[in-house]
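> output the structure for:
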Amino acid sequence: MEDIRIHTAIHSRYRVFDATGQLPFSIVFGLCRRSPVDTDARAIILHTANSALDVPYAISNGLLTFHEKDEEGEREKKVELANQHKASSSEHGAYLALSSPIGRTKRWREDMTIFQYRIDPGTELASVLHPDKRYTIRLASQDLGVKWWAYNDGDHLSNYETSTAQASETTKLVNSKSSGGHASFYVVRSLPFPSKVEMHMRLSRNEENESDADSANTLVISILNTGSQSIAVQTRGRQRFLFPWGPFQPEEGSDDSQIRIIDSASLAPVSSLQIVDVSTSNVVHEERKPGPCRGLTSSNVDHRPKLETLMTLTPGETLVKRVNIGNLLKGLPDGKYSIHMQPRGAWWIFGDREEIADEGDDRVPQRLYKTIIPPLLLETEDTVELQLENGSIN
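So this is what the prediction gives:
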């Protein structure tokens with residue numbers, strides 16, 4: 001029987017591997033059935049053990065290639081693992097479901113099955129990763145090396161916990177093309193992490209200097225720097241920091257340029273807010289997402305954030321931001337709603353905005369501007385519930 005072709009892509013979760021393990025790191029695989037000759041309406045259930053998705057095994061057994069580049073990125077050498085990884089039991093793998101292309105209603109990239117193989121410090125694979133070196137992992141051939149798979153009328157995995165003891169389908173699963181991209185990453189000894197911040201969100205209640213109308217449509221956002229150092233946070237403009245990748249591109253919303261909710265210059269920085277109808281659980285207002293094209297920039301463009309886009313968070317001092325949500329509520333029928341804040345990352349630097357400035361320069365000094373940093377996450381678990389009656393908050 002002809003091989004079943006699976007569109008396969010591979011990427012690194014982040015562009016750097018943090019040797020301390022503080023930034024979790026994975027090799028990301030994306031798999032999708034999109035061959036025009038794949039006409040079986042059933043889902044495919046496969047097991048990852050001893051396949052190309054089982055990264056140490058795959059490297060040792062020729063399913064993946066593993067290369068190291070020098071600091072200049074000119075010379076490349078093959079990396080060998082000391083131990084020859086033999087076939088492991090099913091408990092070391094995971095079951096994945098690949099939906100059929102028959103009847104697919106969404107774009108194939110939105111219907112990919114995503115699998116992450118995590119690489120933790122202390123493992124054999126991590127032990128061969130050296131700081132200041134760049135590594136690349138690729139599929140060695142079209143063979144995915146899947147040892148066990150089966151068709152299933154649904155895509156539920158609960159019935160397959162012990163299925164590898166049963167006979168596998170004999171047709172081979174292969175990549176649909178000669179390559180599947182690559183996972184390339186640079187190894188660093190450690191990464192700087194921002195101070196911890198606490199954020200809260202509530203409705204305003206006729207507070208000082210607010211009219212009744214303003215108060216009713218105002219969210220009060222508070223943020224507290226719980227660390228020991230001041231941090232300056234970028235609240236506007238293109239954000240550049242480490243963000244997670246899927247098999248093809250950055251995860252949705254990870255590198256957007258929307259105004260952050262604590263921005264002092266905006267009255268309604270509401271791009272991260274989501275509104276849900278409590279009675280139906282339907283989202284009636286979605287947080288804004290970046291467009292499909294993030295834009296091209298010239299190599300001559302100065303990417304350093306302007307100082308005016310930074311906000312200083314001083315240790316132990318609570319910063320309060322009032323956000324007008326009146327426009328978000330316009331047109332909503334009467335009923336009960338809940339407001340949620342979706343996490344947003346922000347570029348940051350230790351220090352006060354005024355203290356880091358160089359005379360005659362309106363941007364972050366070049367010597368201080370780093371982009372290989374995890375973002376400061378602006379997020380809260382708080383949920384605000386409100387009742388709308390006759391178009392107004394009751």
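> switch to C-alpha atoms for all contacts and neighbour counts from now on
Will do.
> tell me where the stretch 1-150 of the chain has helices.
For the stretch 1-150 of the chain, the helices defined by DSSP state H, counting those that start in this stretch occupy 55-60, 124-127.
> pick the most deeply packed of those helices.
A comparison of the helices of the stretch 1-150 of the chain by mean neighbour count, using mean count of other CA atoms under 10 Å, puts helix 55-60 on top with a mean of 23.
> which strands or helices does it pack on?
Other elements packing on helix 55-60 under the criterion 3 or more CA pairs under 8 Å, 6 or more residues apart in numbering; DSSP states H and E are strand 64-69.
> and for the strand it packs on, what's in contact with it?
52, 55, 58-59, 75-80, 133-141 (CA atoms under 8 Å, 6 or more residues apart in numbering).
> that strand: how far from the chain's middle?
Averaging C-alpha coordinates over strand 64-69 and over its chain gives two centres that are 25 Å apart (CA atoms, centre = their mean, to the nearest Å).
> now that strand: mean pLDDT?
The average pLDDT for strand 64-69 rounds to 94.
> export the helices of the stretch 1-150 of the chain as TSV, with columns for distance to Pro343.
Compiled in TSV, the helices of the stretch 1-150 of the chain are given as follows (distance: least, CA to CA, whole Å):
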stretch	distance to Pro343
helix 55-60	31
helix 124-127	30
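> which one of those lies closest to Asp111?
helix 55-60 (23.2 Å; CA to CA).
> so where is the stretch 1-150 of the chain shaky, pLDDT-wise?
Scanning the stretch 1-150 of the chain with the threshold set as pLDDT under 70 gives 1, 71-73, 82-91.
> okay, the residue nearest the centre of the chain: pLDDT?
Nearest to the mean C-alpha position of the chain, counting by CA atoms, centre = their mean, stands Pro244 at 3.8 Å. On the pLDDT scale, Pro244 is placed at 95.
> how close does it get to Arg13?
Computed with CA to CA, to the nearest Å, the distance linking Pro244 and Arg13 is 5 Å.
> picking up where we left off before, might you report the residue contacts of the residue nearest to the centre of the chain?
Here Pro244 is in contact with Arg13, Tyr14, Pro250, Glu251, Ser254 (criterion: CA under 8 Å, 6+ apart).
> what do you get for His7?
By CA under 8 Å, 6+ apart, the residues touching His7 are Gly30, Leu31, Cys32, Arg33, Arg34, Ser35, Asn175, Ser176, Lys177, Gly180.
> quick check on those: which are buried?
Neighbour-count burial (16 or more other CA atoms under 10 Å) applied to these gives Gly30, Leu31, Cys32, Arg33, Arg34, Asn175, Ser176, Gly180.
> and which of these is nearest to Arg344?
Using CA to CA, these come closest to Arg344 at Gly30, 24.5 Å.
> contacts only, for the closest one.
His7, Thr8, Ala9, Ile10, Met112, Thr113, Ile114, Phe115, Gly246, Pro247 are the contacts of Gly30 under CA under 8 Å, 6+ apart.
> quick check: Thr383 touching Met199?
No: applying CA atoms under 8 Å, one finds Thr383 not in contact with Met199, separated by 11.7 Å.
> compare these two (neighbour count), which wins?
Met199 (18 against 14; other CA atoms under 10 Å).
> that one against Leu224, yeah?
Yes: judged on CA under 8 Å, Met199 makes contact with Leu224 at a distance of 6.5 Å.
> got the domain boundaries for the protein?
4-188, 197-393 (automatic domain parsing).
> hmm, Arg260 is touching Ser271, no?
Yes: contact criterion CA under 8 Å: Arg260 and Ser271 qualify, at 7.5 Å.
> who has more neighbours out of these two?
Using other CA under 10 Å, the more surrounded residue of Arg260 and Ser271 is Arg260, with 22 against 17.
> so what pLDDT did that one get?
pLDDT, read off for Arg260, is 95.
> for Ala52, see how far away it is.
40 Å.
> can you check Ser271 too?
Ser271 is 40 Å from Ala52, by CA to CA.
> same question for Thr318.
50 Å.
> and what of Ser168?
Counting by CA to CA, the gap from Ser168 to Ala52 is 17 Å.
> the two: which is more packed in?
In this view Ser168 and Ala52 are compared by other CA under 10 Å, and Ala52 has more residues nearby, 24 against 15.
> can you pull the contacts of the more buried one?
Ala58, Leu63, Leu64, Leu139, Leu144, Gly145, Val146.
> Leu46 bridge partners, please.
Following DSSP bridges, Leu46 is listed with bridge partners Leu96, Trp149.
> for Ser228, which non-adjacent residue is spatially closest?
Pro315 (5.6 Å; CA to CA, 6 or more residues apart in numbering).
> can you tell me the element Glu385 falls in?
Using DSSP states H and E, the element containing Glu385 is strand 383-389.
> tell me how far that strand is from the chain's mean position?
30 Å.
> just the CA atoms of that strand, as CSV, please.
What follows is strand 383-389, C-alpha atoms only, in CSV (Å, rounded to 0.1, in the frame of the first residue of the first chain):
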residue,chain,number,x,y,z
THR,A,383,-12.4,38.7,36.5
VAL,A,384,-14.9,41.7,36.5
GLU,A,385,-18.6,40.9,36.3
LEU,A,386,-21.1,43.5,35.4
GLN,A,387,-24.8,43.8,34.7
LEU,A,388,-26.0,45.8,31.7
GLU,A,389,-29.5,47.3,31.9
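> flag every buried residue along it.
Glu385, Leu386.
> partners of whichever helix or strand comes after that strand in the sheet?
The helix or strand immediately downstream of strand 383-389 is strand 392-393, counting by DSSP H and E. Here strand 392-393 has these sheet partners by DSSP bridges: strand 383-389 (antiparallel).
> can you give me phi and psi for Thr170?
The phi/psi pair for Thr170 (degrees, to the nearest 10) reads phi -90, psi -20.
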